[in-house]
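S.K.: Okay, here's the prediction I keep looking at, along with the sequence it came from:
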Amino acid sequence: MRYEVIKTGIAPLDSMLGGGILEDSLFLMVYDMRSFGWTLGVEMFRNFLDSGWFGVITDYSLPYTLLCRYASAINFDLEGMGKSGRLAIIDVFGSVNGIPPREPFVHTLGNIDGSTFLPKIVSLYSRLVEGEEKRVGLTVTLDGFTAIFGEELGIKILQKNIALKDAAARTQSGARPVNIFLLNRDRVSRRFLSWVSQYSEHIVEFLPTEVPGVERMLVRKSLLPDFKPGIAEFRFSRGKIRIKPEIWD
């Protein structure tokens, strides 16, 4: 079985992953509460949008206003992209907390619980991406997902969604979506992280250093045949990221 390899637009990351990322893959970003590792996921997401892909942000963690402020920290014009039709937001946080959408590209799910959430979000997602050839998803954040549904139910929902994703890949033609998961490991159990890691084709983890704004970036996993685990210095400053891979055999 052959899969297309897609460039993220971040050359050092593509090289460390073994050439890029797999189509129809899950990319997991793992970081802690002080980390700016989440910015790498947002940068990837923006690069896909700049290449003409349609983006869907599934927001479990932040009210819309704060989501926009986080995006602005990396100079990502979330509102502008939404108003120009390049992205949509599924506002699960707003759905749970009864916050009506403020923009036409922000969508809520109404009343949801563990039994109604997946059918509602799959139906909405299908409508949002209809006619879009290439799609990229950004989950903000998986730990916010567990805060809403709990870890045990969250694992079951995740497994069911993976099964639906696999079934769709067998029956639908055309490009398959790439999904980027953001996860703060300080808010979930090791068991939940283990389940999510199993389903992720690519994993990058960030560890703190004593230098503000400097982190160790560990490329833990990629299912590409040319992948070799590696470490890089990751910096975030003034809205920009920098990755400096360590050279070792």
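M.R.: Everything's here; your move.

S.K.: For the helix or strand hosting residue 89, what does the pLDDT average out to?
M.R.: Element membership for residue 89, per DSSP states H and E: strand 87-91. If you average the pLDDT over strand 87-91, you get 98.

S.K.: Show me what it packs onto, helices and strands only.
M.R.: strand 54-59, helix 64-72, helix 78-83, strand 106-107, helix 117-129 (3 or more CB pairs under 8 Å, 6 or more residues apart in numbering; DSSP states H and E). For glycine as for every other residue, the C-beta is placed from the backbone atoms N, C-alpha and C.

S.K.: again, 6 Å this time
M.R.: Where contact means 3 or more CB pairs under 6 Å, 6 or more residues apart in numbering; DSSP states H and E, strand 87-91 is packed against strand 54-59, strand 106-107.

S.K.: Turn those strands into a markdown table, including mean pLDDT, mean neighbour count and distance to residue 186.
M.R.: Shown next, in a markdown table, are the helices and strands packed on strand 87-91 (pLDDT from 0 to 100; neighbours: other CB atoms under 10 Å; distance: least, CB to CB, whole Å):
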| stretch | mean pLDDT | mean neighbour count | distance to residue 186 |
| --- | --- | --- | --- |
| strand 54-59 | 98 | 22 | 19 |
| strand 106-107 | 98 | 20 | 28 |
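
S.K.: Residue 153 is nearest to which of those strands?
M.R.: Among those, strand 54-59 comes nearest to residue 153, with 16.7 Å by CB to CB.

S.K.: on that earlier part again, skip ahead from the strand holding residue 89 and say which helix or strand is next.
M.R.: helix 92-97.

S.K.: Just the buried residues of stretch 157-166, please?
M.R.: 157, 158, 165 (16 or more other CB atoms under 10 Å).

S.K.: tell me the least confident of these?
M.R.: For the buried residues of stretch 157-166, the pLDDT minimum is residue 165, 82.

S.K.: Can you tell me the SS state at that residue?
M.R.: Look at residue 165: counting by DSSP: H, G, I helix; E, B strand; the rest coil, its state is helix.

S.K.: what's it in contact with, if anything?
M.R.: Contacts for residue 165 (CB atoms under 6 Å, 6 or more residues apart in numbering) come out as none.

S.K.: Check what pLDDT residue 170 gets.
M.R.: 65.

S.K.: Name the nearest of the buried residues of stretch 157-166 relative to residue 44.
M.R.: Nearest member of those to residue 44, counting by CB to CB, is residue 165, at 19.1 Å.

S.K.: how much space is there between that closest one and residue 139?
M.R.: Distance from residue 165 to residue 139, counting by CB to CB, to the nearest Å: 13 Å.

S.K.: Also residue 240?
M.R.: 23 Å.

S.K.: Can you pick out the residue with more neighbours from these two?
M.R.: Using other CB atoms under 10 Å, the more surrounded residue of residue 240 and residue 139 is residue 139, with 24 against 11.

S.K.: so where is the chain shaky, pLDDT-wise?
M.R.: 1-2, 169-175, 248-249 (pLDDT under 70).

S.K.: who does the strand holding residue 89 pair up with?
M.R.: When sheet partners are counted by DSSP bridges, strand 87-91 sits next to strand 54-59 (parallel), strand 106-107 (parallel).

S.K.: got the angle between that strand and helix 64-72?
M.R.: 140 degrees (axes from the mean of the first three to the mean of the last three CA atoms, to 10 degrees).

S.K.: Mind exporting the C-alpha coordinates of strand 87-91 to CSV?
M.R.: Extracted C-alpha coordinates of strand 87-91, given in CSV (Å, rounded to 0.1, in the frame of the first residue of the first chain):
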residue,chain,number,x,y,z
LEU,A,87,-11.0,27.8,7.7
ALA,A,88,-13.9,27.0,10.0
ILE,A,89,-14.0,26.5,13.7
ILE,A,90,-16.0,23.8,15.5
ASP,A,91,-16.5,25.4,18.9
